[in-house]
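[1] okay, predicted coordinates and the sequence, questions at the end:
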Amino acid sequence: MNARLSTRTLEQAALLALALRVLSLPALLLYLLLRREGGGWYSLPDLLGSAALLTLWGLLLRDLFAGRAARLNSTRLAVLRVSYPWLAAYQGALWVLAALGFGTGMYPEANPAAVFILLSVWVGGIVINLLLFLLSVRLFPNPADQTGRRQLSDLLNVAAALSLASTIINVVPLAGAPAPTHADQWAYLLAGVAELASLLLLRLALQRPAPEQR
């Protein structure tokens, strides 16, 4: 009974952390738009799209934790399958534009090693999120699949490490680049902490046995 209670509490905490992460994304977007006087428009599809799909992902995770299998013709699952590749493609396009900018000398003061780390962590996050998506849509119709749960948990561990690295990059000034303001640092730090907490709690929740095996 106590094990079941602690598992349920952990799952609820993971879903709550994910909800806070969702709320942090439009809040960060609003800050960027106001702080940069509209200059953060390119972040709009990314942050709002991420918030919408994370909400959908959270609803499917709630069913997964309850042991409810998503139907193959489920509207939520269908929307996730159709929408996420477009979001990943947009994120990839932003990465390519940034890489071209650094490669063509648009930021001559930037330290090459720091730029390499920045681009590596960024593209790593895009790839790991794509893998999380692919594994999730396979797991949601089979919530008792312990192998799938373990694989998703392992991917969340990698995603958490990349999230931590990305937060550090956003908060700590990049060598040769203009230093972020204290407000920028706090905005990225809070969003990063929300993301990291949700990933770690979801990882722990998925390590627990499926409802059928408790």
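    Right, received. Where do you want to start?

[2] for this structure, what spans make up the helices?
    Secondary structure of the chain (DSSP state H): helices at 2-35, 43-65, 75-103, 112-139, 146-171, 182-207.

[3] make a markdown table from these and add mean pLDDT and mean neighbour count to it.
    Using the backbone N, CA and C atoms, a C-beta is placed for each residue, glycine as well. Shown next, in a markdown table, are the helices of the chain (pLDDT from 0 to 100; neighbours: other CB atoms under 10 Å):
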| stretch | mean pLDDT | mean neighbour count |
| --- | --- | --- |
| helix 2-35 | 87 | 16 |
| helix 43-65 | 95 | 18 |
| helix 75-103 | 93 | 15 |
| helix 112-139 | 93 | 17 |
| helix 146-171 | 95 | 18 |
| helix 182-207 | 95 | 19 |
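
[4] find the nearest non-adjacent residue to residue 137, please.
    For residue 137, ignoring the flanking residues on the chain, the nearest one in space by CB to CB, 6 or more residues apart in numbering is residue 81 at 5.7 Å.

[5] the one you found against residue 140, yeah?
    No - counting by CB atoms under 8 Å, residue 140 is not a contact partner of residue 81; they are 10.2 Å apart.

[6] end-to-end on stretch 63-75?
    Using CA to CA, to the nearest Å, one end of stretch 63-75 lies 14 Å from the other.

[7] what residues does that stretch touch?
    If you take CB atoms under 8 Å, 6 or more residues apart in numbering as the criterion, stretch 63-75 is touched by 11, 15, 60, 76-77, 139-144, 205, 210-212.

[8] contacting residues for the closest residue to residue 49 other than its chain neighbours?
    Nearest-residue entry for residue 49: residue 87, 4.5 Å, with adjacent residues in sequence omitted and distances by CB to CB, 6+ apart. Contacts for residue 87 (CB under 8 Å, 6+ apart) come out as 45-46, 49-50, 53.

[9] try it again at 7 Å.
    By CB atoms under 7 Å, 6 or more residues apart in numbering, the contact set of residue 87 is 49-50, 53.

[10] nearest to residue 185, of the residues you listed?
    For those, the residue nearest residue 185 by CB to CB is residue 50; the value is 21.0 Å.

[11] please report the distance of the closest one from residue 73.
    In this view, residue 50 and residue 73 are 25 Å apart by CB to CB, to the nearest Å.

[12] kindly report the same for residue 186.
    Applying CB to CB, the value for residue 186 to residue 73 is 44 Å.

[13] do I have it right that residue 18 meets residue 60?
    No - contact criterion CB atoms under 7 Å: residue 18 and residue 60 do not qualify, at 11.2 Å.

[14] mind checking pLDDT for residue 175?
    For residue 175, the model assigns a pLDDT of 67.

[15] on that earlier part again, mind giving me TSV with the contacts of residue 87 and columns for distance to residue 119?
    Shown next, in TSV, are the contacts of residue 87 (distance: CB to CB, whole Å):
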residue	distance to residue 119
49	21
50	19
53	24
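
[16] residue contacts, residue 130?
    So residue 130 contacts residue 88 (CB under 7 Å, 6+ apart).

[17] same check on the one 5 residues further on?
    Residues near residue 135 by CB under 7 Å, 6+ apart: 148, 151-152, 155.
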